[in-house]
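**Student:** Sequence and predicted model, in that order:
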Amino acid sequence: MPTSINQLFDQIHKIPQVPEVVRSIINQLNNPNADMLNIARDVEKEQVIALKILRLVNSAHFGLSRKIGSINEAVAMLGLNQLKTLVIASGMIGAMPEIKNFDVKRSWQNSFRTAAYSKWLAEQAGVAADIAYTAGLLSNLGNVLIHIACPSEANEIDQHVKAGGAERLDIEKNRLGFTSQQVCAELCRRWRFAEILIETLEQSAEPWLSEQPNKLSYAVCLAGWISERQDRGMETAEILANLPEQITGPLGFPADLLNEKMPAVLVQKSELDGLLD
């Protein structure tokens, strides 16, 4: 069993890699001068990603009035922001291997929810929604790597989580000495992603323990907390009634915002689910 994150990475024969176009988009999320049209042209060169995106936008998930035949047409119909989302998600899904005894599809569905909730929460808090969305989308990759590097320990952690009574991060710390969020942050560091994204992911397990926590990490933390409870089958009313003040307080929301607005957010379906078909 690895006793440090570096040892965990040493046990992975081949660390997953992401296409350069995905890295380029992620590292320009906070750049208002990013040339997204050039990036769109680069997407067309990544044939696997481009085909996945075109298949998705032509599916019932989007319900467009006519067939889309190129990435440029997709940009015209959906906009560059939507294209960014699809490229990042498609590239990440393609980078992850199949893992024995691990429900990859369910993990991604959890990530899609976490991403959507992170974005909405960040918008309400007045912080960078694109960064929050991307952090939420990547948030389960640490768990994926733990399953790759030490499957027996990972399956044991999963069983404890299913049994209830303790949070995944507490079980991970007790069993491994670190959290899946820290593993995810280290993966993003090795992928040379932007520091703000790495910081947000690293803090997102327990942002209140950081000397200078950012609001983004609280948004991602709360989004993951909610999505995890949905995975357990908890009803929306019960989730909202038990939101932890330790997480919601630093986001500075008006008293009734989450109870009034969040139910509509929680029932929305992700357009990214079509990438898993």
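**Tutor:** Thanks, I have the structure now.
**Student:** what separates residue 222 from residue 258, distance-wise?
**Tutor:** From residue 222 across to residue 258, the span is 9 Å (CB to CB, to the nearest Å). (Glycine included, C-beta is placed from N, CA and C.)
**Student:** what touches both of these two?
**Tutor:** Common contacts of residue 222 and residue 258 (CB atoms under 8 Å, 6 or more residues apart in numbering): 243, 248.
**Student:** For residue 24, the count of nearby residues, please.
**Tutor:** Per other CB atoms under 10 Å, the neighbour tally for residue 24 reads 16.
**Student:** Would you mind pulling the contact partners of the helix or strand hosting it?
**Tutor:** Using DSSP states H and E, residue 24 sits in helix 20-27. The contact list for helix 20-27 (CB under 8 Å, 6+ apart) reads 39, 42-43, 45-46, 49, 84, 87-88, 91-92, 134, 191-194, 197.
**Student:** Averaged pLDDT, stretch 104-112. What do you get?
**Tutor:** Averaging pLDDT along stretch 104-112 yields 94.
**Student:** Make 52 the first number, not 1, from now on.
**Tutor:** OK, 52 is where the count begins now, so the last one is stretch 155-163.
**Student:** before we move on, back to that, give me the buried entries from the contacts of helix 71-78.
**Tutor:** Taking 16 or more other CB atoms under 10 Å as the criterion, what is buried in these is 90, 93-94, 97, 100, 135, 138-139, 142-143, 185, 242, 244-245, 248.
**Student:** between the residues you listed, which is closest to residue 60?
**Tutor:** Nearest to residue 60, judged by CB to CB, of the buried ones among the contacts of helix 71-78 is residue 242 at 12.0 Å.
**Student:** Under the pLDDT cut-off, which ranges of this structure? List them.
**Tutor:** The chain contains residues with pLDDT under 70 at 52-54, 81, 83, 85, 87.
**Student:** Spatially central residue in it, please.
**Tutor:** Here the mean C-alpha position of the chain is nearest to the C-alpha of residue 188 (CA atoms, centre = their mean), at a distance of 1.6 Å.
**Student:** Give me the nearest residue to that one, chain neighbours excluded.
**Tutor:** Take residue 188 and drop its neighbours on the chain: the residue closest to it by CB to CB, 6 or more residues apart in numbering is residue 166, 4.0 Å away.
**Student:** Look up how far residue 300 lies from the one you found.
**Tutor:** Taking CB to CB as the measure, residue 166 falls 23 Å from residue 300.
**Student:** more neighbours, the two?
**Tutor:** residue 166 (27 against 12).
**Student:** which SS class is residue 124?
**Tutor:** Here residue 124 is recorded as helix under DSSP: H, G, I helix; E, B strand; the rest coil.
**Student:** Count the neighbours of it for me.
**Tutor:** 15.
**Student:** for it, what are its contacts?
**Tutor:** By CB under 8 Å, 6+ apart, residue 124 lies in contact with nothing.
**Student:** follow-up on the earlier one: is the residue nearest to residue 188 in contact with residue 187, as I believe?
**Tutor:** Yes - with contact defined as CB atoms under 8 Å, residue 166 reaches residue 187; the gap is 3.6 Å.
**Student:** can you list residues touching both of the two?
**Tutor:** The contact lists of residue 166 and residue 187 share residue 274, where a contact means CB under 8 Å, 6+ apart.
**Student:** just to revisit the earlier point, packing partners of the helix or strand where the residue nearest to residue 188 lies?
**Tutor:** Here residue 166 is covered by helix 155-176, with elements defined by DSSP H and E. Contact partners of helix 155-176 among helices and strands, from 3 or more CB pairs under 8 Å, 6 or more residues apart in numbering; DSSP states H and E: helix 180-189, helix 192-200, helix 266-282, helix 308-317.
**Student:** Can you give me the buried ones in that helix?
**Tutor:** Using 16+ other CB under 10 Å as the test for burial, helix 155-176 gives 155, 158-173, 175-176.
**Student:** And stretch 189-207, by the same measure?
**Tutor:** Neighbour-count burial for stretch 189-207, with 16+ other CB under 10 Å as criterion, is recorded at 189-201, 204-205.
**Student:** Also stretch 97-109?
**Tutor:** In terms of neighbour count (16+ other CB under 10 Å), stretch 97-109 has its buried residues at 97, 100-101, 103-105, 107-109.
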